[in-house]
Every structure is written in structure tokens, then in C-alpha cells.
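Participant: Sequence first, predicted coordinates after that:
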Amino acid sequence: MKPYSILLVDDDADDQLFFIEALNTIDHSLECDVACNGVEAIGYLSRLKKLPAVIFLDLNMPMMNGYECLEAIRRQEVFSEIPIIVLTTSSNRVEAERTKKLGADTFITKTADLRMFRHQLNEILMGI
């Protein structure tokens with residue numbers, strides 16, 4: 001797997017650790033930066049010289065939720081090519097369709113099963 005950076009936007013510390021643990025079992029060379037909400041993510045992206053290869057975005061966050069963050073990212077041309085993968089605890093089809101309309105590339109449901117989550121992440125990362 002080629003080395004690249006990932007941005008995880010999620011306010012839950014346990015979910016952050018779970019995500020990073022899953023990434024590390026796939027490839028230790030992957031870099032993962034974390035933003036705790038949409039406002040932090042937009043600020044982070046604006047300061048970067050090299051954009052992340054992919055953004056994993058939670059929907060339920062304080063200050064600026066995932067929908068608002070997704071819209072804000074997609075409004076800026078410089079970020080338009082970054083794949084955005086929505087992470088959520090819900091498997092609601094309406095939610096998935098809404099995120100697609102706002103510009104998400106795909107939608108995955110968070111799971112407590114590390115092996116299954118790692119498999120989902122690996123499939124996404126292999127496609128980048």
C-alpha cells in the first residue's frame with residue numbers, strides 16, 4: 001500500500017482510537033491526523049500544503065456536524081478531489097442518500113467488530 005495521509009474527523013475519543021488501531025493493523029506507515037469537529041477540520045485543511053488522500057467524516061459532532069462539514073469542504077474547489085468517507089453509527093438509507101447528495105464518496109457504518117471494520121477500511125484504502 002502506498003504511503004499517504006488520512007484525516008479522521010470524529011469527536012469521540014474511543015472511536016478515534018478504534019479507527020487508528022484498525023489502520024495500524026492494515027499498514028503502520030499510514031499517517032492519520034484527527035480533527036474533533038467540522039470547524040477544526042476546515043481549519044486544518046486550510047493550513048495544509050499537502051492535502052490528505054482521504055477524509056473519514058463522522059456525522060454526529062458538536063460545533064459543526066458532519067453534514068455541514070461535508071458541504072463546507074465540497075464548496076471549496078481545492079478540496080473537491082479528496083474522497084470523503086462518511087462514518088456513522090446509523091445504517092439509515094436516507095442518511096446515506098443525503099451524504100451522497102452532499103458529495104460523500106461512500107458511507108460506512110461504524111462497528112465494534114475490529115476485523116470487519118478493518119476489512120471495510122482496507123477495501124476503501126486499496127481503491128485510492
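Facilitator: Looks like it came in fine.
Participant: what helix or strand is the spatially most central residue of the chain on?
Facilitator: For the chain, residue 56 is the residue whose C-alpha lies nearest the centre (CA atoms, centre = their mean; 0.4 Å). Assigned by DSSP states H and E, residue 56 falls within strand 54-58.
Participant: Tell me the strands beside that strand, with direction?
Facilitator: strand 5-9 (parallel), strand 84-88 (parallel) (DSSP bridges).
Participant: In JSON lines, list these along with mean pLDDT and distance to residue 123.
Facilitator: Using the backbone N, CA and C atoms, a C-beta is placed for each residue, glycine as well. Formatted as JSON lines, the strands paired with strand 54-58 follow (pLDDT from 0 to 100; distance: least, CB to CB, whole Å):
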{"stretch": "strand 5-9", "mean pLDDT": "95", "distance to residue 123": "15"}
{"stretch": "strand 84-88", "mean pLDDT": "92", "distance to residue 123": "11"}
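Participant: Figure out which of those is closest to residue 43.
Facilitator: strand 5-9 (11.3 Å; CB to CB).
Participant: what comes up buried for the closest one?
Facilitator: Buried residues in strand 5-9, counted by 16 or more other CB atoms under 10 Å: 6-9.
Participant: what element comes up after that strand heading to the C-terminus?
Facilitator: Assigned by DSSP H and E, the successor of strand 5-9 is helix 13-26.
Participant: how about that next one: buried residues?
Facilitator: 16, 18-19, 22-23.
Participant: What of stretch 115-128?
Facilitator: 117-118, 120-122, 124-125.
Participant: Please dump the buried residues of helix 13-26 into CSV; it should also carry pLDDT for every row.
Facilitator: Shown next, in CSV, are these (pLDDT from 0 to 100):
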residue, pLDDT
16, 96
18, 92
19, 93
22, 92
23, 91
